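Enquirer: return a 3D structure for these sequence lines:
(one chain, ligands or ions: 1)
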Amino acid sequence: MKVAIVGAGYVGLVSGACFAELGNNVICVDNDDKKVSSLKRLKIPIYEPGLEELIKKNVRLGKLSFTTNVAQAVRSSTVVFIAVGTPPKENGEADLTGIENVARSIARAMNSYRLIVEKSTVPVETGQWVKHTIEINKKKGIPFDVASNPEFLREGSAIGDFFNPDRIVIGVESEKAESVLRELYSGIDAKILVTDIKSAELIKHASNSFLALKISFINAVSKICEMAGADVERVAEGMGLDRRIGRSFLNAGIGFGGFCLPKDLDAFINISKKLGYSFELLEAVKKVNDLQKEDFIRKIESNLWNIKDKTIAVLGLAFKPDTDDMRFAPSIDIINTLQKHGAKIRVFDPKAMGRARKIFKGVTFCRDVYEAARSSDCLIVITEWSEFKQIDFKKLKKLLKHPLIVDGRNIYDPQKLKRLGFKYISIGR
Ligand code: UDX
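Expert: Residues are numbered from 1 along each chain as shown. The predicted structure follows:
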């Protein structure tokens with residue numbers, strides 16, 4: 001099948017490379033000249049495990065290409081995915097101007113039937129607006145369909161998620177649109193759920209908000225564990241054994257970040273309000289998430305006494321492991337607050353240092369964990385990279401001024417660290 005994907009960000013690039021791998025001819029479009037020309041030179045703008053290899057392979061096979069020209073891509077494809085960003089506005093609403101502009105450009109370029117598919121995460125009812133925009137901008141008599149096909153890819157495991165999804169959701173209004181999308185996904189062995197467009201749009205927002213709710217729930221439970229002297233890890237394990245609950249997304253920590261969960265939660269609260277429902281439950285999810293970061297700072301403060309002039313080694317900056325993504329990473333608020341309190345910060349992250357240099361001022365960027373720890377008063381863990389789990393604690397203890405670790409991700413065994421002579425503070429245990 002001939003597929004165009006407009007928007008070569010995380011979602012567009014991963015989906016494009018994977019559709020090409022499935023045997024389709026894919027053309028990815030982006031209005032960022034620089035990005036497109038570096039993609040043409042096989043320089044990949046993001047770090048996502050396996051993506052570079054997949055892109056290189058499919059470009060060499062002639063199944064994947066890049067352009068800045070929407071019209072050219074639309075004319076050469078039957079299915080056109082919209083995968084441009086829907087960044088949050090000041091009030092938390094999703095900014096849909098990118099979607100509207102792309103819909104207009106697609107409409108103007110169409111010369112015969114096209115299926116236009118929303119892939120970006122959008123509030124319910126966006127499909128109607130996309131349909132309307134295409135209707136009023138296309139030449140008379142050209143047929144088209146609009147569909148919704150939300151992505152559920154997690155950064156860091158996006159390619160595995162694409163080929164092995166829990167479900168594929170397609171929201172359609174015609175049999176033709178359904179059959180085109182079924183054929184496109186025929187190489188993937190997964191349940192395909194077919195719904196109307198609005199329900200498909202809602203499935204995405206409701207799923208991400210529910211994941212955020214699970215995380216905030218366990219974070220709230222972690223507070224009770226600390227007060228009562230229980231262990232949140234054991235509580236999560238016990239809860240998770242109930243198949244109706246499940247163990248995943250019950251990891252207590254410093255709260256969720258990234259470009260999806262916080263943004264989708266805000267957008268869902270906003271669209272609910274617009275439709276006439278005040279989603280108080282999700283407001284509470286947000287509040288717990290903010291408190292979790294504040295509480296982490298309090299933990300550092302109560303173990304250092306004064307933060308001013310203390311040196312703090314920070315392990316991990318990306319919003320989660322296996323990605324270089326710094327968007328809405330909890331590290332940003334935490335480091336900014338520590339700096340405001342007068343701390344000197346030394347940081348290390350295996351992949352996000354390049355992006356972090358553009359965000360943080362007055363921070364010392366270190367070569368590895370040990371260089372970050374050198375002469376620091378305290379070491380804090382913000383991202384649970386697996387290499388942090390295998391550090392040499394004896395070496396670390398010699399390098400730190402004081403053997404104090406405040407772990408925001410519960411990656412170490414409290415008993416073991418105690419035995420090794422560390423003062424170890426973690427979350428909910
Ligand atoms: C999320 C959804 O999982 C995915 O389906 C959707 O398509 C995009 O948004 P992503 O943002 O890549 O994916 O990350 P995810 O793995 O969901 O983690 C989100 C945040 O929650 C991270 O900051 C992570 O550290 C945090 N988290 C996750 C926890 O604090 N505890 C958990 O138990 C799980």
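
Enquirer: CA atoms for contacts and neighbours, from now on please.
Expert: Fine.

Enquirer: pLDDT weak spots in the stretch 101-250 of the chain?
Expert: Along the stretch 101-250 of the chain, the model assigns pLDDT under 70 to no residue.

Enquirer: which stretches of it form strands?
Expert: 114-118, 144-148, 168-171, 192-195 (DSSP state E, counting those that start in this stretch).

Enquirer: closest to Pro350 out of those strands?
Expert: Pro350 lies closest to strand 168-171 among these, at 32.5 Å (C-alpha to C-alpha).

Enquirer: now what about the closest one, what contacts it?
Expert: Strand 168-171 is contacted by residues 147-150, 178, 181, 190-201 when judged by C-alpha atoms under 8 Å, 6 or more residues apart in numbering.

Enquirer: ok, of those residues, which come out buried?
Expert: 147-150, 178, 181, 192, 194-195, 197-201 (16 or more other C-alpha atoms under 10 Å).

Enquirer: helix or strand for Lys416, which one?
Expert: helix 414-419 (DSSP states H and E).

Enquirer: up against the ligand, what does the stretch 151-300 of the chain have?
Expert: For the stretch 151-300 of the chain, the residues in contact with the ligand (C-alpha under 6 Å from any ligand atom) are 151-155, 208, 215, 248-253, 255-261.

Enquirer: now for Gly9: which residues touch it?
Expert: 83-85.

Enquirer: brain fart, Ala267
Expert: Applying C-alpha under 8 Å, 6+ apart, the residues contacting Ala267 are 88, 92-94, 123.

Enquirer: go through those residues and name the one nearest Lys287.
Expert: Nearest to Lys287 among these, with distances taken as C-alpha to C-alpha, is Gly92, at 14.4 Å.

Enquirer: next one: phi and psi at the closest residue in space to Cys225 that isn't next to it in sequence?
Expert: Sequence neighbours aside, Gly428 is the residue nearest to Cys225 in space, at 5.3 Å (criterion: C-alpha to C-alpha, 6 or more residues apart in numbering). The phi and psi values for Gly428, taken as degrees, to the nearest 10, are phi 70, psi 30.

Enquirer: ok, Gly428 touching Glu226?
Expert: Yes - using C-alpha atoms under 8 Å, Gly428 is in contact with Glu226, at 4.9 Å.

Enquirer: who has more neighbours out of these two?
Expert: Gly428 (25 against 15; other C-alpha atoms under 10 Å).

Enquirer: how much space separates the more buried one from the ligand?
Expert: As defined by C-alpha to the nearest ligand atom, to the nearest Å, Gly428 lies at a distance of 13 Å from the ligand.

Enquirer: helix, strand, or coil at Ile427?
Expert: coil (DSSP: H, G, I helix; E, B strand; the rest coil).

Enquirer: helix or strand for Ala313, which one?
Expert: strand 311-315.

Enquirer: contacts for stretch 301-309, please.
Expert: 310, 338, 341-344, 377-378.

Enquirer: can you lay out the residues you listed as a markdown table showing distance to Ser37, pLDDT and secondary structure?
Expert: What follows is the contacts of stretch 301-309, written out as a markdown table (distance: C-alpha to C-alpha, whole Å; pLDDT from 0 to 100; DSSP: H, G, I helix; E, B strand; the rest coil):
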| residue | distance to Ser37 | pLDDT | secondary structure |
| --- | --- | --- | --- |
| Lys310 | 45 | 97 | coil |
| Leu338 | 39 | 97 | helix |
| His341 | 43 | 96 | coil |
| Gly342 | 43 | 97 | coil |
| Ala343 | 41 | 98 | coil |
| Lys344 | 39 | 98 | strand |
| Asp377 | 46 | 98 | coil |
| Cys378 | 44 | 97 | strand |
